[in-house]
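Peer 1: Any chance you could fold what I've pasted below:
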Amino acid sequence: MDRVEKDYVFHRDLKKEYPIITHGEGIYLFDDQGKKYLDACSGAVAANLGHGISSIGEAMAEQAKKAGFVHTMRFETPILHQLAEKIGKMAPEFVNKVYFTTGGSEANESAIKLARQYHRDAGKSQKHIVIGRWQSYHGNTMGSLSAGGDVKRRHAYTPNLLNYAHVYSPYCHRCPYGRESSDCVKNQNWTCISDLERTILELGPENVSAFIAEPIVGSQQGAVPPPPGYFEKVRGLCDRFDIVLIIDEVMTGFGRTGTNFATEQLGITPDILTFGKGVSAGYAPLAGMIVHDKLIEGLLENSDGKFMHGFTYSGHPVAVSAGLAALEIYEREAVLENVIEQGAYLLDRLMELKEKHPCIGNVRGRGLLLGIELVKDSKVDLLFKPSEKAAETINTIAMELGAVFYPGTGSIDGMNGEHLIISPPLNSKKQEIDEIVRILDEALTVFEQQLRKDEAYEIAK
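Peer 2: Below is the predicted model of the structure:
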């Protein structure tokens, strides 16, 4: 096909040919050539229930027949209240009020703006700086991109970004401070925490509005969990300096790590919890934030109850209906129990692959959000160069073999560090986990064989 003449799509990569997916069924996607792909990453860790679930489509169609659009500045719908109640009851105690958006970027943008208004209207107008973490991702709007630490995505827009601050996340396997995690935990002496405190003091606590973090660092580091006690210390600093703590659960929410929200595993209560992806299992653009009572009370007391913000499609009834239908399936099919069981099994299988493949340097994650670090040789800890595109190459091989994973780069410093995320639908079965591991094993074998050939060629030259 001559794309210049016939193709009207502005592709994410204008030089790339994309498979055309015609339909999906369970954990599989099918293209127009009849090829089947095992969706080992739930799209972008979003299709949490797999594909082709007719009941969700039927729920959306029924709502569209009733009211396809309602502008929430003037009206609300029964289904909006039903989903908000269900989500609010799943959230941590005192985090109750649900504000809907259409994507995770909008959810985090909304949280950043709410934190700012909360402080400003309470008479603390200087509080405006958000502190984020390097090698994190919170979205692609200018505000969420400014708060995030995705070096490659930020680079092109540097002149447009807000003057936010960043600290390092606790990537204990490759600690940016050169510490051993066992020493940090044993002595309760955390360089990443002291660095956050130092940053707050240097900026001036009176100028800092919010701190935003993923409970498990997703796409930018490949499912890296925090060490025990880290977020409790973060919570303590935020309380001490009157900083709004935003926990970004866009990727981890709704069962992905084995609990409704990963926050449950941290031992803290956030001021704002953002969500997306899994709330509708990818069937409709739906996301949002859940807000602590103290911020709601602040709006009522200082802002006449009004949040100066909004989107046309906030609380879109058809999208909301998809969310309600998806959450009902989570409950009906006991998805959390399956995540715990299959997540443990997948982790064991990946550890087996680590023993077999020298290009796996580390296996990490929780539930069905797992990642593997890719290295040239784990015995000598030799990293790939960014130009070698190891993660993307392995995923390309895997797609040829019939599975798709979630490749990532820059996990160490924004440029160096390669990883793959393995995050199949939450209702995946044991035999499907085995198929994922089989294809990944084969892809890694092909990749390593090619690597040895390339190295032999370089020596021969």
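
Peer 1: give me the number of residues near Arg452?
Peer 2: Counted with other C-beta atoms under 10 Å, residues neighbouring Arg452 total 10. C-beta here means a position set from N, CA and C on the backbone, and glycine is covered the same way.

Peer 1: Could you give the average pLDDT over the helix or strand hosting it?
Peer 2: Assigned by DSSP states H and E, Arg452 falls within helix 430-460. Averaged over helix 430-460, pLDDT sits at 88.

Peer 1: what's the answer for stretch 348-363, then?
Peer 2: 98.

Peer 1: Over to stretch 19-26?
Peer 2: 97.

Peer 1: isn't Tyr164 right up against Ser146?
Peer 2: Yes. The criterion here is C-beta atoms under 8 Å, and Tyr164 meets it with Ser146 at 4.8 Å.

Peer 1: Spit out the residues that contact the two alike.
Peer 2: Overlap of the contact sets of Tyr164 and Ser146 (by C-beta atoms under 8 Å, 6 or more residues apart in numbering) consists of Val130, Gly132.

Peer 1: Flag every buried residue along stretch 58-67.
Peer 2: Ala59, Met60, Gln63 (16 or more other C-beta atoms under 10 Å).

Peer 1: want to throw these into a markdown table with secondary structure and distance to Ala326?
Peer 2: Formatted as a markdown table, the buried residues of stretch 58-67 follow (DSSP: H, G, I helix; E, B strand; the rest coil; distance: C-beta to C-beta, whole Å):
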| residue | secondary structure | distance to Ala326 |
| --- | --- | --- |
| Ala59 | helix | 9 |
| Met60 | helix | 10 |
| Gln63 | helix | 13 |
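
Peer 1: Distance to Pro19 and pLDDT for the residues you listed - can I get that in JSON lines?
Peer 2: Shown next, in JSON lines, are the buried residues of stretch 58-67 (distance: C-beta to C-beta, whole Å; pLDDT from 0 to 100):
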{"residue": "Ala59", "distance to Pro19": "28", "pLDDT": "98"}
{"residue": "Met60", "distance to Pro19": "25", "pLDDT": "98"}
{"residue": "Gln63", "distance to Pro19": "31", "pLDDT": "98"}
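
Peer 1: can these go into TSV with extra columns for distance to Ser314?
Peer 2: Shown next, in TSV, are the buried residues of stretch 58-67 (distance: C-beta to C-beta, whole Å):
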residue	distance to Ser314
Ala59	19
Met60	17
Gln63	16
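
Peer 1: Am I right that Leu347 is in a strand?
Peer 2: No. Counting by DSSP: H, G, I helix; E, B strand; the rest coil, Leu347 is located in no strand; its state is helix.

Peer 1: That one touches Leu370, doesn't it?
Peer 2: Yes. With contact defined as C-beta under 8 Å, Leu347 reaches Leu370; the gap is 6.1 Å.

Peer 1: shared neighbours, the two?
Peer 2: Shared contacts of Leu347 and Leu370, counting by C-beta under 8 Å, 6+ apart, come down to Val363.

Peer 1: between those two, who's got more neighbours?
Peer 2: Leu370 (22 against 18).

Peer 1: Can you name the residues bridging to the more buried one?
Peer 2: Residues in a beta bridge with Leu370, per DSSP bridges, are Gly365, Ile422.

Peer 1: ok, now how distant is it from Asn160?
Peer 2: Distance, Leu370 to Asn160, by C-beta to C-beta, to the nearest Å: 35 Å.

Peer 1: before we move on, what about Ile360?
Peer 2: Distance from Ile360 to Asn160, by C-beta to C-beta: 38 Å.

Peer 1: quick one, which of those two is more surrounded?
Peer 2: Taking other C-beta under 10 Å, Ile360 and Asn160 do not tie; Ile360 has more neighbours (20 against 10).

Peer 1: doesn't Leu444 make contact with that one?
Peer 2: Yes. Ile360 is in contact with Leu444 according to C-beta under 8 Å; the separation is 7.4 Å.

Peer 1: what sits in contact with each of these two?
Peer 2: What both Ile360 and Leu444 touch, as defined by C-beta under 8 Å, 6+ apart, is the set Leu353.

Peer 1: Quick check: phi and psi on Asn362?
Peer 2: Main-chain torsions, Asn362, degrees, to the nearest 10: phi -160, psi 140.

Peer 1: Please read the previous query as pertaining to Leu237.
Peer 2: With angles defined as degrees, to the nearest 10, Leu237 sits at phi -70, psi -40.

Peer 1: Now do the contacts for it.
Peer 2: Leu237 sits next to Ile193, Leu196, Glu197, Ile200, Phe211, Ile243 when contact means C-beta under 8 Å, 6+ apart.

Peer 1: count of residues packed around the second one?
Peer 2: Burial measure for Leu196: 23 neighbouring residues, criterion other C-beta under 10 Å.

Peer 1: ok, now the last one?
Peer 2: Close neighbours of Ile243, defined as other C-beta under 10 Å, add up to 24.

Peer 1: burial measure for Ala319, as a count.
Peer 2: The local packing of Ala319 (other C-beta under 10 Å) involves 24 other residues.

Peer 1: Any buried residues in the helix holding Arg452, and which?
Peer 2: 432-433, 435-437, 439-441, 443-444, 446-448, 451.

Peer 1: what do you get for stretch 16-30?
Peer 2: Gly24, Gly26, Ile27, Tyr28, Leu29, Phe30.
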